[in-house]
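Visitor: sequence plus the predicted model coming up.
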Amino acid sequence: MKDGILNCFEIPDEQNQLEGPKFTIDLSTICNAQIEPGNPLSAEHQFIFSFEVVVFPRGSDESSQKNYVVGVKTEEELFKWINTINAALQIIRGKQ
């Protein structure tokens, strides 16, 4: 994450870093008041969080919302991401 933009890679490794992100998310488009841990999806996906963003489909003047679910390997990593995104949201929204 840099300058309020979350770069998303399929699997973060050096090769993906060189090729660039699969997609990006502008944190200012997040609809949630704050990000919180989600319920585990499975034994393999225990540490997750989700958020909704405002999107404008191509060729449309109307917006909709898209939900993203992010999974990480450890609880420590989960809270690191959540705290970092929530801090950025506070700055973006002028609450800090």
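Guide: Structure's in. What do you need?
Visitor: can you show me the strands along the protein?
Guide: Counting by DSSP state E, one finds strands in the chain at the ranges 5-8, 23-26, 47-55, 64-72.
Visitor: by mean pLDDT, show me the worst of those strands.
Guide: The weakest mean pLDDT among the strands of the chain belongs to strand 5-8, with a mean of 84.
Visitor: counting neighbours, what do you get for Gln34?
Guide: Close neighbours of Gln34, defined as other Cβ atoms under 10 Å, add up to 11. To be clear about C-beta, it is placed using only N, CA and C from the backbone, and glycine gets the same treatment.
Visitor: turn the strands of the chain into CSV, including distance to Glu36 and mean neighbour count.
Guide: Rendered in CSV, the data for the strands of the chain read as follows (distance: least, Cβ to Cβ, whole Å; neighbours: other Cβ atoms under 10 Å):
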stretch, distance to Glu36, mean neighbour count
strand 5-8, 17, 16
strand 23-26, 17, 14
strand 47-55, 7, 17
strand 64-72, 12, 13
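Visitor: out of the ones you listed, nearest to Gln34?
Guide: For those, proximity to Gln34 was assessed by Cβ to Cβ; strand 47-55 is nearest, at 9.3 Å.
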